[in-house]
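Chemist: Could you work out the structure for the sequence below:
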Amino acid sequence: MATLPLIIAPESFNESPSHDDILLVAVVQQAVFNTHYIPGSVLVEPTELMSGVKPAVGRLPTKEKLDTLFSRIGLTCEKHVVVYDDEGGGWAGRLIWTLDIIGHKNYSYLDGGLSAWLKMGFPLSNMTTDYSRPVPTNFATSICEELLVSKDDVLTSIDDVEKIIWDARALEEFNGTKVTALRNGHIPGAANLDWLDLQDRQNDLRLKPFPEIERQLNKLGISKDKKVITHCQTHHRSGLTYLVGKALGYDIKAYDGSWSEWGNDPQVPIEK
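Modeler: Below is the predicted model of the structure:
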């Protein structure tokens, strides 16, 4: 049985012995996967992790769609999922959040993903060489409703001193100067730390040192004594903030309706 940490360095993963119970997942576009992927990977396209239903396109897909997805890639309860993407952890974190929602707790994030793997010169495959399709399973998901955060949950959290909203969008979105919905700004009381500020751009999109990240969060009032709700526009970028919160030991959930739902609702409060 594979025993891997939540965050695993590419060097460690490349040196680790192969295990039949590891399911290596690339959350990338088909075109990227066609060009190169880590040997043994199965593909999950980002759109497969979202409902696609407007306005809140980033909400969790239906149970039926999730059953189809996880059966196609060969997930079983015994599999340890190792996930990576090509953009520094947003989509990988989104998959890890999805696994939490369906109660599958065996997973790791490959730090830096494809960017770091390429930089290290580790082995690669592509669709024209040796791709072997995953063996499908009959995986039935069970949605943990208590882990989902609704718009009403966010509304009640605004005046709750024990809770804080972590807005993972860019500063201009948070300030309301960039138009991304009918109404623009941020949820009252939210703290803003852009998901990009978690990535070390000088180190192949690996995560910054956790003590540094935690200092940034504490300055904003995002601390371990709070219940944290994170979001972005579609709960893609906040996939990474969710993952980092888990890695730091925070009590964190994600609002998958995100700004595409909140900003298009004329009834909810907004600050600029």
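Chemist: Neighbours of residue 130, how many?
Modeler: When neighbours are counted by other C-beta atoms under 10 Å, residue 130 registers 9. Backbone N, C-alpha and C define where each C-beta goes, glycine included.
Chemist: and it, backbone torsions?
Modeler: Main-chain torsions, residue 130, degrees, to the nearest 10: phi -130, psi 40.
Chemist: Contact partners for it?
Modeler: By C-beta atoms under 8 Å, 6 or more residues apart in numbering, the contact set of residue 130 is residue 39.
Chemist: what's the pLDDT at it?
Modeler: On pLDDT, residue 130 comes in at 70.
Chemist: before we move on, what about the one 5 residues further on?
Modeler: Residue 135 is assigned a pLDDT of 91 by the prediction.
Chemist: you'd agree it is in a strand?
Modeler: No: looking at residue 135 with DSSP: H, G, I helix; E, B strand; the rest coil, it is coil, so not inside a strand.
Chemist: Partner strands of whichever strand or helix holds residue 43 and their direction?
Modeler: In this assignment (DSSP states H and E), residue 43 forms part of strand 42-44. Applying DSSP bridges, strand 42-44 is found paired with strand 22-27 (parallel).
Chemist: Tell me which stretches of the stretch 101-250 of the chain form helices.
Modeler: 113-120, 151-157, 171-175, 210-219, 237-248 (DSSP state H, counting those that start in this stretch).
Chemist: tell me the most buried of these?
Modeler: With neighbours taken as mean count of other C-beta atoms under 10 Å, those reach their highest mean count in helix 237-248, at a mean of 26.
Chemist: and stretch 124-138, which residues are buried?
Modeler: By neighbour count with 16 or more other C-beta atoms under 10 Å, stretch 124-138 contains the buried residues 125, 131, 134.
Chemist: typo on my end, stretch 157-176
Modeler: By 16+ other C-beta under 10 Å, the buried positions in stretch 157-176 come out as 157, 163-170, 173-174, 176.
Chemist: Make JSON lines out of those residues and add distance to residue 217 and pLDDT.
Modeler: Listed next are the buried residues of stretch 157-176 as JSON lines, based on distance: C-beta to C-beta, whole Å; pLDDT from 0 to 100:
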{"residue": "157", "distance to residue 217": "17", "pLDDT": "97"}
{"residue": "163", "distance to residue 217": "15", "pLDDT": "98"}
{"residue": "164", "distance to residue 217": "10", "pLDDT": "98"}
{"residue": "165", "distance to residue 217": "13", "pLDDT": "98"}
{"residue": "166", "distance to residue 217": "8", "pLDDT": "98"}
{"residue": "167", "distance to residue 217": "12", "pLDDT": "98"}
{"residue": "168", "distance to residue 217": "12", "pLDDT": "98"}
{"residue": "169", "distance to residue 217": "16", "pLDDT": "98"}
{"residue": "170", "distance to residue 217": "17", "pLDDT": "98"}
{"residue": "173", "distance to residue 217": "19", "pLDDT": "98"}
{"residue": "174", "distance to residue 217": "15", "pLDDT": "98"}
{"residue": "176", "distance to residue 217": "23", "pLDDT": "98"}
